[in-house]
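Visitor: just a sequence and a predicted model for now, questions to come.
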Amino acid sequence: MKRPPRTPRILVVDDDPGLLRLLTIRLRSEKYEVEPVDSGAKALSAIARVRPDLVITDLRMAEMDGIGLLKELQKRSPSLNVIMLTAHGTIPDAVRATQSGAFAFLTKPVEKERLLEEVRRALKTSGLADTADDWRAEFATRSPLLEDRLARAKMLAETDTVVLATGEPGTGKELLARAIHRASARRGARAVLLDCAALEGTTALDQLLAALDEAAGGSLCLRNIEDLPPQLHAAFEHELESRDLRLVAASDLTPATIREQAPAVADLLDRLGAVQIDLPPLHQRREDLPLLVAQCLEDIAGESGQPKRACSPEALELIASSRWPGNVRQLRTVLRQAAAAGGGPLITAEQLQDARGQLSELPSFDEARDEFTRNYLIQLLTITEGNVSQAARLARRNRTDLYKLLSRHGIEPEEFKP
């Protein structure tokens, strides 16, 4: 489902209370989201929280003037446009502002239509997407930590560098792959997802080649890259060299763990020159919880066609105080279950707790898969009385693969022999 266009956010900075109020009223009347602050220092502290698309600031202010604020903003967010205002409409002021990189220079009192014209012009070139295809729209964040990772992703999107997206389950690695694709020149082509853990048996190479064909001109995201079968490495590397596409590899493991558990995959990533982007877990970006809750509940209402529900203060407090080992994915699942419980416009703490309890009773997908695999191997060895060759034939796997699975699950064939 596509999101509606995001309302542009404007940070207004002026130490004159009357003018600050007037600018705020004018901009809000045009349906912009406005954050008014009365000093450069407050503006800098608000940047990560507000994530504005445009800054309008007075030039002459105490402590930090508009030029000082502009230079600091350029360090933190080079693409952010800044409109400068001053009651001292002198040529030197205008020259100094524009030479420092201000988008526009306006003298006070500013005519409303002139202000709005410059605002519209600045927003068009600010990188703000006017459509639901905003490259990072799926990430709701005010976290400086995640903002740093997204800025790195935006920079890498302008190249064809191979990206290794890492992070705990549910942190948004596939969202990052899609965001990189949308931010790149390849956004008009397809973004294809392939799970390396599903590449098994005699069709594995065909599946991989089909995904490479489908991603031609676009992007390919390989989930669980550490599970890429060793017998496919040479063919994959060769095919990748001859194809026009971007590769994003994703893993729940750290590069050090990949090197320990799948050294051949680590070597492959080294040869491909992969650059890592590690997504922070939710407990490191708790300031994002209110944003994420609002985004999730809006999505849930859109999917279900039901009125949007909100969380009670007690439910929000429970969310804020909980640890989310499944990160954003777990939060979304719990909110979806709680919202489905019904019972009024507010989700209560009790409904939220019930939803969390239901989820915690279920094993994760990986845990369920491991349990099934272990039980399956035990059944095979029981039937074949510990004969690995015979068990491999029944499973339609080669002996080497079967031995690896037995070793991974701590199963000794000798224990099943009569």
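Guide: Thanks, I have it.
Visitor: backbone dihedrals for the nearest residue to residue 326 once chain neighbours are set aside, please?
Guide: Take residue 326 and drop its neighbours on the chain: the residue closest to it by Cβ to Cβ, 6 or more residues apart in numbering is residue 170, 4.5 Å away. Every C-beta, even on glycine, is put in place using the N, C-alpha and C of the backbone. Backbone torsions for residue 170, taken as degrees, to the nearest 10, come to phi 90, psi 10.
Visitor: and residue 170, how close does it get to residue 365?
Guide: Distance, residue 170 to residue 365, by Cβ to Cβ, to the nearest Å: 11 Å.
Visitor: the two: who's more crowded?
Guide: residue 170 (21 against 9; other Cβ atoms under 10 Å).
Visitor: so what's that one up against?
Guide: The contact partners of residue 170, by Cβ atoms under 8 Å, 6 or more residues apart in numbering, come to 282, 324, 326-330.
Visitor: please convert the buried members of those into ChimeraX selection syntax.
Guide: In ChimeraX, this line selects whichever of these come out buried by 16 or more other Cβ atoms under 10 Å:
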select :282,324,326,327,328,330
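Visitor: in the helix or strand where residue 113 lies, what counts as buried?
Guide: Taking DSSP states H and E as the definition, one finds residue 113 inside helix 112-124. Neighbour counts over helix 112-124 (16+ other Cβ under 10 Å) mark 115-116, 118-119, 122-123 as buried.
Visitor: contacts for the next helix or strand after that helix next, please.
Guide: Following helix 112-124 in sequence order, the next helix or strand is helix 144-157 (DSSP H and E). The contact list for helix 144-157, computed with Cβ under 8 Å, 6+ apart, reads 48, 51, 135-136, 139, 141, 163, 176, 179-181, 183-184, 275, 277-280, 284-285, 288.
Visitor: inside strands: which ones of those?
Guide: Members of those lying in strands (criterion: DSSP state E): 163, 275, 277-278.
Visitor: ok so, going back, which among the contacts of helix 144-157 end up buried?
Guide: Applying 16+ other Cβ under 10 Å to these flags 48, 51, 135-136, 139, 141, 163, 176, 179-181, 183-184, 277-280, 285, 288 as buried.
Visitor: run the chain-centre distance for the helix holding residue 113.
Guide: On the basis of Cα atoms, centre = their mean, to the nearest Å, helix 112-124 sits 31 Å off its chain's mean C-alpha point.
Visitor: could you export that helix as CSV, CA atoms only?
Guide: The C-alpha trace of helix 112-124 is given here as CSV (Å, rounded to 0.1, in the frame of the first residue of the first chain):
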residue,chain,number,x,y,z
LYS,A,112,3.3,36.7,2.4
GLU,A,113,3.1,35.7,-1.3
ARG,A,114,6.9,36.3,-1.7
LEU,A,115,7.6,34.1,1.4
LEU,A,116,5.3,31.3,0.2
GLU,A,117,6.8,31.5,-3.3
GLU,A,118,10.3,31.0,-2.0
VAL,A,119,9.1,28.2,0.4
ARG,A,120,7.6,26.3,-2.5
ARG,A,121,10.7,26.8,-4.6
ALA,A,122,13.0,25.7,-1.8
LEU,A,123,10.9,22.5,-1.1
LYS,A,124,11.1,21.5,-4.7
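Visitor: the one helix or strand residue 41 maps to vs helix 144-157, what angle?
Guide: Here residue 41, judged by DSSP H and E, is contained in helix 40-50. Orientation check (axes from the mean of the first three to the mean of the last three Cα atoms, to 10 degrees): helix 40-50 against helix 144-157 gives 70 degrees.
Visitor: go through the chain and flag its longest helix.
Guide: helix 365-383 (DSSP state H).
Visitor: rounded mean pLDDT for that one, please.
Guide: In this model, helix 365-383 has an average pLDDT of 84.
Visitor: for it, which residues meet the burial criterion?
Guide: Buried, per 16+ other Cβ under 10 Å, within helix 365-383: 374, 377, 380-381.
Visitor: re earlier: right, and out of the contacts of residue 170, which lies closest to residue 110?
Guide: Set against residue 110, the nearest of those by Cβ to Cβ is residue 328 (41.5 Å).
Visitor: so what pLDDT did the spatially closest residue to the closest one that is not a sequence neighbour get?
Guide: Residue nearest to residue 328 in three dimensions, not counting chain neighbours: residue 170, with 5.5 Å by Cβ to Cβ, 6+ apart. At residue 170, the model reports a pLDDT of 92.
Visitor: so how far is residue 204 from residue 170?
Guide: In this view, residue 170 and residue 204 are 27 Å apart by Cβ to Cβ.
Visitor: export stretch 195-212 as CSV, just CAs?
Guide: Output of stretch 195-212 as CSV, limited to C-alpha atoms (Å, rounded to 0.1, in the frame of the first residue of the first chain):
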residue,chain,number,x,y,z
ASP,A,195,16.3,-15.7,0.4
CYS,A,196,19.6,-17.6,0.3
ALA,A,197,18.3,-20.0,3.0
ALA,A,198,15.8,-21.3,0.4
LEU,A,199,18.5,-22.1,-2.2
GLU,A,200,18.7,-25.9,-1.7
GLY,A,201,18.9,-28.9,-3.9
THR,A,202,19.4,-29.3,-7.7
THR,A,203,17.4,-26.2,-8.5
ALA,A,204,19.4,-23.7,-6.4
LEU,A,205,21.5,-22.5,-9.3
ASP,A,206,18.5,-22.1,-11.5
GLN,A,207,16.7,-20.0,-8.8
LEU,A,208,19.7,-17.8,-8.4
LEU,A,209,20.1,-17.2,-12.1
ALA,A,210,16.4,-16.5,-12.5
ALA,A,211,16.6,-13.8,-9.7
LEU,A,212,19.7,-12.3,-11.4
